[in-house]
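K.L.:
Generate coordinates for the sequence data below:
(chains A and B)
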Amino acid sequence: MTQTTNSSTLIHTDRFALSDAERSAIEHEMHHYEDPRAASIEALKIVQKARGWVPDGAADAIGEVLGIPASDVEGVATFYSQIFRQPVGRHIIRVCDSMTCYIGGHESVVESIQQQLGIGLGQTSTDGRFTLLPVCCLGNCDKAPALMIDDDTFGDVSPASVSQLLEAYS
Amino acid sequence: MTGFNAKRLTSIGPANSIDRSEETHPLTWRLRDDGQPVWLEEYQQKNGYAAARKALSEMAQADIVQTVKDSGLKGRGGAGFPTGVKWGLMPADESMNIRYLLCNADEMEPNTWKDRMLMEQLPHLLVEGMLISARALKAYRGYIFLRGEYVDAATNLNRAIAEAKAAGLLGQNILGSGFDFELIVHTGAGRYICGEETALINSLEGRRANPRAKPPFPAAVGVWGKPTCVNNVETLCNVPAIIGNGVDWYKTLARPGSEDHGTKLMGFSGKVKNPGLWELPFGISARELFEDYAGGMRDGFTLKCWQPGGAGTGFLLPEHLDASMYAAGIAKVGTRMGTGLALAVDHTVNMVSLLRNMEEFFSRESCGWCTPCRDGLPWSVKILRALERGQGSQQDIDTLLGLVNFLGPGKTFCAHAPGAVEPLGSAIKYFRSEFEAGVSSSAAPAATGQFVPAQKMAGSHF
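P.N.:
Residues are numbered from 1 along each chain as shown, chains lettered A, B, ... in the order given. Okay, the predicted model is just below:
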């Protein structure tokens, strides 16, 4: 596997610029709230949607639009588990690790994915296709174990069936 | 019209197929057998928004609050606080005229899959519930704080809100009443702690989701310092039927002997024959839920223990299945009803391993704000991992029991750590020998007496 982060991302900090589309989407979100700060999480998600992850310079750029310090944006970015502060694969696999999915055998599903893709939890495949992450209970407990691939949710997943699911994501 | 896509929602289940009626199943009678969302036209054909019309045209705001108070409706998010009392805490001072209604749709409690079904399949029920509640609370704007992973729920709620707006059921001067109400779906970005009421407010404001000190309570100082009421999805979905059909009807729903009123989305999961979710009256026995609805254990599995309502509730034994499913009924056998969605633990599951899984979750999801939670939960994980490997030390069980005490109610900033140690304490109480089996006769006391920094234990998060 592995992490594609390297030190070169750090020295590009001052090069980051929001695209016009990102900026206008963030400005649109601000109007949903009494205080622009409330759009900070959505702003991070807008950047992440466009780029796959949130590069270092984004905190400054978002902070400038929202009128809050970059350190506050960074504090939010590092708190929330679904904001990615390093590059991820083209597709995100989120495996529910709740106790219900534990009883349903989610650990063997994770092992199966590890064998097929050569990645553990928190890692990205060398071809950049998948990142594997744990996630809080997906609310699919009557169909455990459950997982998500990007925006799609699957229930009653088994070690045998998971390879078929992965095939649909190139 | 059945919807713009025929996508099969994962929330379809037995609640879609059991016998149900408007009189007995106020939450789920409108569900379609095919599990597709109920959009505005069909919702209105099924008497939808009739309660909102009544509330906005015939009832004074104080009457709506009083009706909900009289109904005895209690919060369905797990804590069970009386909804009418919470509503009554909103300030009487009319000059405080910017008020918010927040819907807690951050459903992340392990083994909880009820709000997802309501939002995916009956989005208008939540919109109507929020409209009536906002009228009662004089809120001009509402936010549905929805966890980011509920993608289908977000799509369906946004479509329902757009339909309602176009039909004059949201927006300015709703139904000619002069009341304005705007509803916005706000999606999160992970972290279980966002479901804590004041952490949710911080998160909505665009901050880290640390809980706030109480008092002041959100009713006095909530989002952006304004009076705010936070209610769970299922709680708000009860409001239309209470307003539409009245308190007398509502009080006929629960089984005799139940001190709680109405119906509850209850479930059973684990290795049962028919895992699922059903709308059932408060006061049915857990045994009826387990045997008649969930069908008992699958062949080859026996029931070892069960949890009545989410990760934060205690474990109970098979003999406790005679307890009644309402707050005081479950309290009698030593824990809380929580969300009412039960989990069966079968004989193949080792309790040390199960608790290791659970405390890894609670440890990872601690916001890190207060010391007992931030440092105590990773400590419990370290001990449980050692016990699971058979490398525990003699003091480990006492240390775990010490943590159950130190992280208990009243000793932490919010209910996260108390919820984490409740199942741990009950697991040790009922299955102590499994924990003792993890003690190595030769192990040095490596797992105790030292704290582990939270970030080293938090796992593989980015």
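K.L.:
in which helix or strand would I find the residue in the stretch 301-450 of chain B that chain A sits nearest to?
P.N.:
Per C-beta to the nearest C-beta, B:Asn357 is where the stretch 301-450 of chain B lies closest to chain A, at 4.3 Å. From N, CA and C alone the C-beta is placed, and that goes for glycine too. Using DSSP states H and E, B:Asn357 maps to helix B:351-365.
K.L.:
tell me, how many neighbours does the residue of chain A found nearest chain B end up with?
P.N.:
With C-beta to the nearest C-beta, the shortest gap between chain A and chain B falls at A:Gly122, namely 2.8 Å. Neighbour count of A:Gly122, defined by other C-beta atoms under 10 Å in any protein chain shown: 15.
K.L.:
which residues of the stretch 1-150 of chain B fall in strands?
P.N.:
For the stretch 1-150 of chain B, strands defined by DSSP state E, counting those that start in this stretch occupy the ranges B:100-105, B:141-146.
K.L.:
on contacts alone, who are the packing partners of the last one?
P.N.:
Identification of packing neighbours for strand B:141-146 by 3 or more C-beta pairs under 8 Å, 6 or more residues apart in numbering or on different chains; DSSP states H and E yields strand B:100-105, helix B:123-137, helix B:151-166, strand B:182-187, helix B:197-204.
K.L.:
that older thread, just so I know, which of the strands of the stretch 1-150 of chain B lies nearest B:Arg255?
P.N.:
Closest approach to B:Arg255 among those is made by strand B:100-105 (27.3 Å; C-beta to C-beta).
K.L.:
pLDDT of that closest one, averaged?
P.N.:
Averaging pLDDT along strand B:100-105 gives 98.
K.L.:
any low-confidence regions in the chain?
P.N.:
Picked chain A for this. Across chain A, the ranges flagged by pLDDT under 70 are A:1-14.
K.L.:
meant chain B actually
P.N.:
For chain B, the ranges with pLDDT under 70 are B:1-6, B:443-462.
K.L.:
picking up where we left off before, so the residue of the stretch 301-450 of chain B closest to chain A is in contact with A:Thr100, correct?
P.N.:
No: using C-beta atoms under 8 Å, B:Asn357 is not in contact with A:Thr100; the gap is 9.9 Å.
K.L.:
More neighbours: which of those two?
P.N.:
Using other C-beta under 10 Å as the criterion, B:Asn357 and A:Thr100 rank with A:Thr100 on top: 32 against 24.
K.L.:
thought that one was touching B:Glu109?
P.N.:
No: at 10.6 Å, A:Thr100 and B:Glu109 do not qualify as touching, with contact defined as C-beta under 8 Å.
K.L.:
if I look at these two, which residues touch both of them?
P.N.:
By C-beta atoms under 8 Å, 6 or more residues apart in numbering or on different chains, A:Thr100 and B:Glu109 have these common neighbours: A:Cys137.
K.L.:
Point me to the residue of the stretch 1-150 of chain B nearest chain A.
P.N.:
B:Pro110 (3.6 Å).
K.L.:
Tell me, how many residues neighbour the nearest residue to that residue once chain neighbours are set aside?
P.N.:
Distances taken as C-beta to C-beta, 6 or more residues apart in numbering or on different chains place A:Ser98 nearest to B:Pro110, at 3.6 Å, with adjacent residues excluded. By other C-beta under 10 Å, the residues close to A:Ser98 number 32.
K.L.:
Identify the residues contacting A:Ser98.
P.N.:
Contacts for A:Ser98 (C-beta under 8 Å, 6+ apart) come out as A:Cys136, A:Cys137, A:Leu138, A:Cys141, A:Ala144, B:Pro110, B:Asn111, B:Ala311, B:Phe361.
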